[in-house]
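J.: pasting the structure only:
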């Protein structure tokens, strides 16, 4: 039995996060492994992993569609995946994760040895790199090959690969902090302080060769089938690079959007649509508007840019990204400029980090001085002189085009956004439409609220339509699907499109087209009727807030029509089940 810890996270931090956690927990139970899953969602972190749980873990699984900080897992074998594989086939994810921790034992050579090492100190700066240099010089002076991984404040550098560990005759850990040794199972390990490596690296290497002891646990060799499975899983996780970076930024931005938007809506309810005028200055409504619009919304673009950069370049990217985002807001390039600034800062800082050589004794200056300073200068100049004005012009053109949309043009945009929301129900296409609409309402100068209304309405109809169809057309759904209809409806009312995923996963070719038809129609009706939504989330629960939704009656009608059309589409596209399948839970025999 293996001890597993996991973290699940998605951009909204709701459905995919919880469903991925449940998928992993059920799969681990079936396979006989112990697992603890931490969920990182919009309501904060739940079931937080303790230091003891992490220390005892054999492997860490990160099933996330956003950037997850892995600093606390330094030294642990980490397996990364998107949330969807964990939801659909948690067993394969766990098997691939456990397989990835294996290493093949190799006997020490008589003379020249292959050594791997790890150095780490509490601050992760000077001692870490000086100890690594001492080990390298000491090993080379005796004719041994060595590779040292440094676990510092800029993250792990010169990471040891599975092949490095498999080929190693000896592992030396020179650290003043706890370093997990799980990935070195079956290897000869010698532990010392960083001081010993710095003072006399050659002597430390000699002592390690003579006194190292084999770590407990047997090494595991992957079968060819397991290696192929692992490679496919890793490829699937890495394909989502740009999307993952963007969604990391969006996920950190969302709380500012939600809080700011709701405060603005409440301020309108208290003081009317012109509550921000000087005539209302000092009133509660005016003050809430200042908090929501002038403070909350003002931070959104910098936060978006900063955490896109963080996802790409880790902590050194945050300052250049946020400053670039603030510049984007100042020069009027809005959320498009923020996205550009985030990617620009992330890749600039990553390039600088990889290509600026510093002596080991000065390497600790990179994350706190060199990278933030140079990254900010480069990104700032590019935003002012190269990127900012063209992006601002593009945003102004898009804004003017959207404001002028009426009739057929508005319907086409609504159809497109609605279909995107239902296409993958929380996946990249869905989140792209949502990010587009959210960006439009965050503009400080000329916000546009119509697409947001279309997106939220269209995101509610897939679960609502499925719940209605399961209630009306029982012969097309299994018993467990019918029993889940109430929960699915609740998810739809809450604007959690992911509630439709379990149904779509079982019959995608029939279910997804029906959902897209209903959502596209909902989006088109909302746009044609001129509905506007001034908050980015909340589902039906924001509808009672005065002025949060314009043309409220038409908006509700759009959702109801989309729900009915979705249910009708499911009636015509889904085939009746066999009597036995309809009476028994799916998968029962």
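T.: Nice, thanks for sending it over. Bear in mind the structure is a predicted one, so any value in this text is a computation, not a measurement. Numbers count the residues shown, from 1 in each chain.
J.: Find me the pLDDT at residue 31, would you?
T.: Note for residue 31: predicted pLDDT of 85.
J.: hang on, I meant residue 235
T.: pLDDT recorded at residue 235 is 37.
J.: and if you look at residue 339?
T.: Per-residue pLDDT puts residue 339 at 90.
J.: show me the contacts for it.
T.: Counting by Cβ atoms under 8 Å, 6 or more residues apart in numbering, residue 339 touches 246, 249, 304-305, 308. (Glycine included, C-beta is placed from N, CA and C.)
J.: quick one: which helix or strand includes it?
T.: Element membership for residue 339 (DSSP states H and E) is helix 334-355.
J.: Residue 318 touches residue 308, doesn't it?
T.: No - contact criterion Cβ atoms under 8 Å: residue 318 and residue 308 do not qualify, at 10.0 Å.
J.: Looking at the two, which is more packed in?
T.: Between residue 318 and residue 308, residue 308 has the larger neighbour count (other Cβ atoms under 10 Å), namely 34 against 21.
J.: residues contacting the closest residue to that one other than its chain neighbours?
T.: Nearest residue to residue 308, sequence neighbours excluded (Cβ to Cβ, 6 or more residues apart in numbering): residue 342, at 2.8 Å. Residues near residue 342 by Cβ under 8 Å, 6+ apart: 245, 249, 304-309, 321, 324-325.
J.: The same query, at a cut-off of 10 Å, please.
T.: Neighbour list for residue 342: 245-246, 248-249, 301-312, 317, 320-322, 324-325, 328, 379 [criterion: Cβ atoms under 10 Å, 6 or more residues apart in numbering].
J.: got a pLDDT number for it?
T.: Residue 342 carries a pLDDT score of 94 in this model.
J.: go on, the one 3 residues further on?
T.: pLDDT, the model's per-residue confidence, is 94 for residue 345.
J.: Mean confidence (pLDDT) on stretch 310-327, please.
T.: Averaged over stretch 310-327, pLDDT sits at 91.
J.: Which positions in it come out as buried?
T.: Using 16 or more other Cβ atoms under 10 Å as the burial criterion, the residues of stretch 310-327 that qualify are 310-327.
J.: what's the answer for stretch 27-42, then?
T.: Using 16+ other Cβ under 10 Å as the test for burial, stretch 27-42 gives 27-28, 31, 33, 35-41.
J.: Same question for stretch 380-396.
T.: Buried residues in stretch 380-396, defined by neighbour count with 16+ other Cβ under 10 Å: 380, 382-383, 387-388, 391-392, 395.
J.: Same question for stretch 462-473.
T.: Across stretch 462-473, burial judged by 16+ other Cβ under 10 Å covers 462-470, 473.
J.: go on, stretch 502-515?
T.: By neighbour count on 16+ other Cβ under 10 Å, the buried set for stretch 502-515 is 502-504, 507, 510-515.
J.: how near is residue 44 to residue 494?
T.: Between residue 44 and residue 494 the distance is 18 Å, computed by Cβ to Cβ, to the nearest Å.
J.: show me the contacts for residue 139.
T.: Applying Cβ under 10 Å, 6+ apart, we find residue 139 in contact with 112-115, 117, 145-148, 170, 172, 201-202, 204-205, 208-209.
J.: Who are the packing partners of the host helix or strand of residue 117?
T.: According to DSSP H and E, residue 117 maps onto strand 114-120. In terms of contacts (3 or more Cβ pairs under 10 Å, 6 or more residues apart in numbering; DSSP states H and E), strand 114-120 is packed against helix 126-141, strand 145-152, helix 162-167, strand 170-175, strand 188-192, helix 194-199, helix 201-211.
J.: re earlier: which of the buried residues of stretch 27-42 has the weakest pLDDT?
T.: Comparing the buried residues of stretch 27-42 by pLDDT, residue 41 comes last, at 75.
J.: can you tell me which residues contact that residue?
T.: By Cβ under 10 Å, 6+ apart, the contact list for residue 41 reads 8-10, 12-18, 21, 251.
J.: so residue 92 touches residue 27, yeah?
T.: Yes - proximity of residue 92 to residue 27 meets the contact threshold set by Cβ atoms under 10 Å, at 8.2 Å.
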